[in-house]
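> structural data only, the sequence is not supplied:
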Ligand SMILES: NC(=O)c1ccc[n+]([C@@H]2O[C@H](COP(=O)([O-])OP(=O)(O)OC[C@H]3O[C@@H](n4cnc5c(N)ncnc54)[C@H](OP(=O)(O)O)[C@@H]3O)[C@@H](O)[C@H]2O)c1
């Protein structure tokens, strides 16, 4: 039986992944961090979709035990923080290391330890790589490396900007998406279609659809999928 476990389920992409999984009739567990201030809200939201909620602590032995006990076969890691969030929550400048790197690493290692996982889908970002520019992308790359090293069967997804209706509006993200898409459409009209398809934005629902498709495709194990393959 296929059982999916979605971390970052309360985020923009994670929520869409839970919706996509349930639309496909896949048994789904939405992980909500144990210290969430909105647990009751999320319980109601996911119950309405027919998904269970899990609040296991971000601790490797506990996480491995949960994955094993629930018979999880697919893990989606949609975790991440932003500079704006760090500022708003008074988090330190090393939050990329503590969130964007440490949590995917812990989850991948716990998944390998649990056994039975057929795919670990890690939501990374376009631009992640050994020569990535900036702390955000460098920590994404280190997280990708940690997933590879864990031994769990993985697919790494590197989308471009994700647009759509967020609960908490991010005007700069929406503006960047529109501006970049406009520019790329002009380039595409002049024949630069590869560039356009690589960098144009995608929506949360479209990305979620692609992530679930990749997770279920045996041929996508061990693959890195760039934005044009995530639409
Ligand atoms: N947004 C984009 O345009 C874009 C583009 C390319 C790649 N990506 C990648 O995709 C990832 C997800 O993007 P998104 O826009 O869906 O993110 P998002 O809406 O900000 O969601 C982030 C998720 O991570 C969780 N999280 C954050 N800090 C945490 C912590 N300290 N402990 C436990 N959970 C924590 C959040 O939980 P709470 O709700 O409990 O805080 C939330 O579920 C990003 O991190 C990014 O690398 C995003």
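Good, I have the coordinates. It should be emphasised that the depicted structure is a prediction, and the values quoted were computed from it without experimental measurement.

> who's in contact with stretch 54-62?
Contacts of stretch 54-62 with the rest of the structure, by C-beta atoms under 8 Å, 6 or more residues apart in numbering, involve 5, 29-34, 36, 39, 63, 66, 70, 103, 106, 109-110, 113. Heads up, the C-betas are built off the backbone N, CA and C, glycines and all.

> what do you get if the cut-off is 7 Å, keeping everything else the same?
Residues outside stretch 54-62 that contact it (C-beta atoms under 7 Å, 6 or more residues apart in numbering) are 29, 31, 32, 34, 39, 63, 66, 103, 106, 109, 110.

> can you give me the neighbour number for the nearest residue to residue 221 once chain neighbours are set aside?
Nearest residue to residue 221 in three dimensions, chain neighbours excluded: residue 153, at 4.8 Å (C-beta to C-beta, 6 or more residues apart in numbering). The burial count assigned to residue 153 is 15, neighbours taken as other C-beta atoms under 10 Å.

> ok, back up a step: in ChimeraX, select just the buried ones from the contacts of stretch 54-62.
Buried residues within those, by 16 or more other C-beta atoms under 10 Å, are selected in ChimeraX with:
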select :29,31,32,63,66,103,106,109,110
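
> hmm, whatever helix or strand residue 211 lives in in reach of the ligand?
Element membership of residue 211, judged by DSSP states H and E, is helix 204-216. No: contact of helix 204-216 with the ligand (C-beta under 6 Å from any ligand atom) is absent, the minimum separation being 7.0 Å.

> which parts of that helix are buried?
When neighbours are counted by 16+ other C-beta under 10 Å, the buried residues of helix 204-216 are found to be 204, 206, 207, 208, 209, 210, 211, 212, 214, 215.
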